[in-house]
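Asks: Quick one, what's the 3D model for this:
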Amino acid sequence: MDDLEGLTVGQRIQTVRERKGKTRAVVAGLVGRSEEWLKKIEKGRLQTPRFAMLVNLAEALQVDDLSLLTGTSNIPMGLAQRASHEAVPAIREAIEETMLTVASEPWPDADDLQRRASAAWRQWHVSVAPRSDVGMPLPGLIRECQRAVRVLEGNDRRKAYRALSEVYGLCEQILAWVAEPALLWLVADRGIHAAQQADDPLALAGAAWVLGNVQRSAGREEESVHLVDQAAELIEPELDSRQESRAMWGALQLHNSITSARMGREGDALRYLDLGGEAARSLPAGYHHSWTVFGQANTDVTAVSVNADLRKGGRALSEAERVDPDSVPSNERRARLWLEMARSYQLRKDKMGALNLLAKAADVSLEAMRCHPLARGLAGELVTSGGRVIEKDARSLATRLGVAV
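Replies: Sure thing, here's the model as predicted:
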């Protein structure tokens, strides 16, 4: 039975938000609106949001059934605005496949698998359509790594497990926002298991970075912060001797900065951001980690994201002025920079600026923006509340991003 029976849509939104432990500021920020706007919705002082905005609120609250917010049963289950991608079915099949018997020939080369995993991560970052370019050949690499860990022994087997853990991490990036949560949880769990078998603290820290992403997207932010803190502690003994560990440690600090910002914990968010900045400055100029792309450029981009999540639009734009987009070693992250700037302009109620910057993000990587809920939500919001001056251009951009408005 619906235990929210009799409540208005606004009251339902408030009740679900409070049960999830999320503040108005955090939820409002995730849908690109003000805290005062959300308060008026919850208190019934504004009309019920349109369908596109209800979908955005459901995303922000991690609600799978929209009727929980609306109180009606005739609205299609799930988030109709959620993106999908053609690469997902084959990846799902490779991940879920059970190999009871495996062929030993050709004999697996663990070093080659590691090189191919690293190459796949590089392709993910340089491609303008990473889900297509990396997602299509990825199932074959998943199967080869799975076979290798069954056939090899000793140190080669541990190398193969490390490669498999990295491949699962890449799967999480590809599947985020376009696959069902159960598959993401499976990928993260498999990645942790593979890293444990690799017997490498760095691999385990990387797998925790991946699992933390999934926990955060599921609204389990406290668990994510705790896990990532543990992962950082795990590799601290290696920080002076292993540059890659120092980069991963910095990436974990940025991870927790983003998570803390989404919980509305400004002090923690800025503290973790400072720690990440210190780690970035300790690395050679121009350095970036092979798959988290941790380095000074990504740290600067994260500063923009964190301040946007904290609803500090002016401060986010000030941080953006420090970033040279050409120095960001990832098209997906470069597109995200323009998206965060668009969100910041939206916070300042500059609809035209937000539209232009979101269009710039789509120009950098249309695929990334078509899949990202923040980009899709902002596009829909610009159509419905951006005003007649930009409505035509906003509707055209929303169509590019696959948003039905």
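
Asks: So what's the residue count around Gln230?
Replies: Using other CB atoms under 10 Å, Gln230 has 13 other residues around it. Heads up, the C-betas are built off the backbone N, CA and C, glycines and all.

Asks: quick one, what contacts it?
Replies: Ala208 (CB atoms under 8 Å, 6 or more residues apart in numbering).

Asks: Please report how far it lies from Pro201.
Replies: 11 Å (CB to CB, to the nearest Å).

Asks: Please apply the same query to Lys40.
Replies: 49 Å.

Asks: what's the weakest-modelled helix or strand in the chain?
Replies: Scoring the helices and strands of the chain by mean pLDDT, DSSP states H and E places helix 51-60 at the bottom, with a mean of 82.

Asks: Check which element follows that helix along the chain.
Replies: helix 67-70 (DSSP states H and E).

Asks: tell me which strands and helices that following helix is in contact with?
Replies: helix 9-20, helix 51-60 (3 or more CB pairs under 8 Å, 6 or more residues apart in numbering; DSSP states H and E).

Asks: just the angle between the last one and helix 9-20, please?
Replies: Angular relation of helix 51-60 and helix 9-20 on a 0 to 180 degree scale: 10 degrees, by axes from the mean of the first three to the mean of the last three CA atoms, to 10 degrees.

Asks: on contacts alone, who are the packing partners of helix 51-60?
Replies: By 3+ CB pairs under 8 Å, 6+ apart, helix 51-60 packs against helix 24-30, helix 67-70, helix 373-385.

Asks: Need these in CSV (columns: mean pLDDT and mean neighbour count).
Replies: CSV is the format used below for these (pLDDT from 0 to 100; neighbours: other CB atoms under 10 Å):
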stretch, mean pLDDT, mean neighbour count
helix 24-30, 85, 22
helix 67-70, 87, 18
helix 373-385, 88, 25
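
Asks: Kindly reformat the ones you listed as JSON lines containing distance to Arg162.
Replies: Formatted as JSON lines, these follow (distance: least, CB to CB, whole Å):
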{"stretch": "helix 24-30", "distance to Arg162": "35"}
{"stretch": "helix 67-70", "distance to Arg162": "41"}
{"stretch": "helix 373-385", "distance to Arg162": "32"}
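
Asks: Compare these and give me the one nearest Val134.
Replies: helix 373-385 (19.7 Å; CB to CB).

Asks: Beyond the closest one, next helix or strand please.
Replies: Taking DSSP H and E, what comes next after helix 373-385 is helix 388-400.

Asks: Which positions in that next one come out as buried?
Replies: 390-391, 393-395, 397-398, 400 (16 or more other CB atoms under 10 Å).

Asks: would you list those residues in TSV and tack on distance to Ala285 and pLDDT?
Replies: Shown next, in TSV, are the buried residues of helix 388-400 (distance: CB to CB, whole Å; pLDDT from 0 to 100):
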residue	distance to Ala285	pLDDT
Ile390	40	95
Glu391	45	93
Asp393	40	96
Ala394	40	95
Arg395	44	95
Leu397	36	97
Ala398	40	93
Arg400	37	95
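
Asks: Just give me the closest of those residues to Leu170.
Replies: Distances from Leu170 to the buried residues of helix 388-400, taken as CB to CB, are shortest for Arg400 (26.2 Å).

Asks: which residues touch that closest one?
Replies: Contacts of Arg400 by CB under 8 Å, 6+ apart are 362, 366, 370.

Asks: Next step: those residues restricted to helices.
Replies: Using DSSP state H, 362, 366, 370 are the members of the contacts of Arg400 that sit in helices.

Asks: With respect to per-residue confidence, which of those is lowest?
Replies: pLDDT is lowest at Arg370 among the ones in helices among the contacts of Arg400; the value there is 94.

Asks: Ala129 versus that one, what's the distance?
Replies: 10 Å.

Asks: Of those two, which one has the most company?
Replies: Arg370 (22 against 14).

Asks: surely that one meets Leu401?
Replies: Yes - counting by CB atoms under 8 Å, Leu401 is a contact partner of Arg370 at 5.1 Å.

Asks: Spit out the residues that contact these two alike.
Replies: Common neighbours of Arg370 and Leu401 (CB under 8 Å, 6+ apart) are Arg376.

Asks: Just the CA atoms of stretch 137-148, as PDB, please.
Replies: Written as PDB, here are the backbone C-alpha positions of stretch 137-148 (Å, rounded to 0.1, in the frame of the first residue of the first chain):
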ATOM      1  CA  PRO A 137      35.000  -4.200 -28.400                       C
ATOM      2  CA  LEU A 138      35.000  -4.300 -24.600                       C
ATOM      3  CA  PRO A 139      33.000  -7.600 -24.300                       C
ATOM      4  CA  GLY A 140      35.800  -9.500 -26.000                       C
ATOM      5  CA  LEU A 141      38.400  -8.100 -23.600                       C
ATOM      6  CA  ILE A 142      36.200  -9.000 -20.600                       C
ATOM      7  CA  ARG A 143      36.000 -12.600 -21.800                       C
ATOM      8  CA  GLU A 144      39.700 -12.800 -22.400                       C
ATOM      9  CA  CYS A 145      40.600 -11.500 -19.000                       C
ATOM     10  CA  GLN A 146      38.000 -13.900 -17.400                       C
ATOM     11  CA  ARG A 147      39.600 -16.800 -19.300                       C
ATOM     12  CA  ALA A 148      43.100 -15.700 -18.300                       C
END
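
Asks: Can you point out the buried residues in that stretch?
Replies: 138-139, 141-148.

Asks: got those as TSV, with pLDDT and secondary structure columns?
Replies: Compiled in TSV, the buried residues of stretch 137-148 are given as follows (pLDDT from 0 to 100; DSSP: H, G, I helix; E, B strand; the rest coil):
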residue	pLDDT	secondary structure
Leu138	97	helix
Pro139	97	helix
Leu141	98	helix
Ile142	98	helix
Arg143	97	helix
Glu144	97	helix
Cys145	97	helix
Gln146	96	helix
Arg147	96	helix
Ala148	97	helix
